[in-house]
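A.B. asks: Predicted model, plus sequence, below.
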Amino acid sequence: MKLDPNDSRSFHEFIRTALIEHPSLPHLSVGLKKKIQEAIFEIFVNAQTHSGVPYIFTCGQFFPKKHKIEFTITDMGQGFRQNFWRRFERDVAPEKAIEWAMVSGNTTKVGVPGGIGLAILKEFAAKNNGKIQIVSDAGFYQWDADGQHLSRFSCPFPGTIVNVQFRTDDRNSYSLVGEASTDDIF
């Protein structure tokens with residue numbers, strides 16, 4: 001989908017119907033579904049806020065034989081490194097800027113909360129044996145079953161790509177602490 005950055009309603013509905021309510025996902029409690037949807041929506045809001053571009057692109061695909069669902073958000077904006085520079089006036093390697101953004105509470109926003117979306121997705125991907133990948137500028141970040149991987153490309157990408165993969169062969173149930181008890185507590 002090619003979305004106007006102001007078209008958050010369409011994006012929110014797309015996430016809910018195409019991803020969060022997908023019948024092949026592991027069982028997620030109502031609260032956790034909402035939290036994951038908010039986390040993905042925060043990525044869209046970050047693209048709105050930081051990228052300064054006329055369009056945000058998103059796509060998803062279910063791979064039944066590979067037992068996974070992938071979801072991607074892309075913008076052709078400034079990227080993690082440039083936003084880090086603008087906020088802190090400190091140069092950092094592009095892959096390190098992404099790594100910094102993966103820590104819960106780290107945000108370049110001023111005066112508004114943020115910095116939890118990527119951390120939530122990373123935590124769920126770790127429990128689900130899924131994956132999160134981010135390309136921004138020349139930086140590459142990946143979190144998967146083998147842990148964290150950082151690298152740098154020789155040619156920068158003009159924007160940011162966030163790709164999330166959830167495993168559909170995961171038979172566990174997940175909920176937030178404090179919700180009704182299930183097999184695994186998130």
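C.D. replies: Looks like it came in fine.
A.B. asks: rest of the way, CA atoms for contacts and neighbours
C.D. replies: Will do.
A.B. asks: Mind listing what's buried along stretch 11-19?
C.D. replies: For stretch 11-19, the neighbour count (16 or more other C-alpha atoms under 10 Å) marks 11, 14, 15, 16, 18, 19 as buried.
A.B. asks: Stretch 61-79 too?
C.D. replies: For stretch 61-79, burial by neighbour count (16+ other C-alpha under 10 Å) applies to 62, 68-79.
A.B. asks: Can you tell me which of those residues is closest to residue 102?
C.D. replies: The shortest approach to residue 102 among the buried residues of stretch 61-79 belongs to residue 79, at 13.9 Å (C-alpha to C-alpha).
A.B. asks: show me where pLDDT drops low in this structure?
C.D. replies: Across the chain, residues meeting the criterion (pLDDT under 70) sit at 113-114, 180-186.
A.B. asks: returning to what we had before: could I get the buried residues of stretch 61-79 in a markdown table, plus columns for distance to residue 151?
C.D. replies: Formatted as a markdown table, the buried residues of stretch 61-79 follow (distance: C-alpha to C-alpha, whole Å):
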| residue | distance to residue 151 |
| --- | --- |
| 62 | 27 |
| 68 | 24 |
| 69 | 24 |
| 70 | 21 |
| 71 | 22 |
| 72 | 20 |
| 73 | 20 |
| 74 | 19 |
| 75 | 20 |
| 76 | 20 |
| 77 | 20 |
| 78 | 19 |
| 79 | 16 |
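A.B. asks: on that earlier part again, out of the buried residues of stretch 11-19, who's nearest residue 147?
C.D. replies: Nearest to residue 147 among the buried residues of stretch 11-19: residue 19, at 24.1 Å, using C-alpha to C-alpha.
A.B. asks: so residue 175 touches residue 31, yeah?
C.D. replies: Yes: contact criterion C-alpha atoms under 8 Å: residue 175 and residue 31 qualify, at 6.9 Å.
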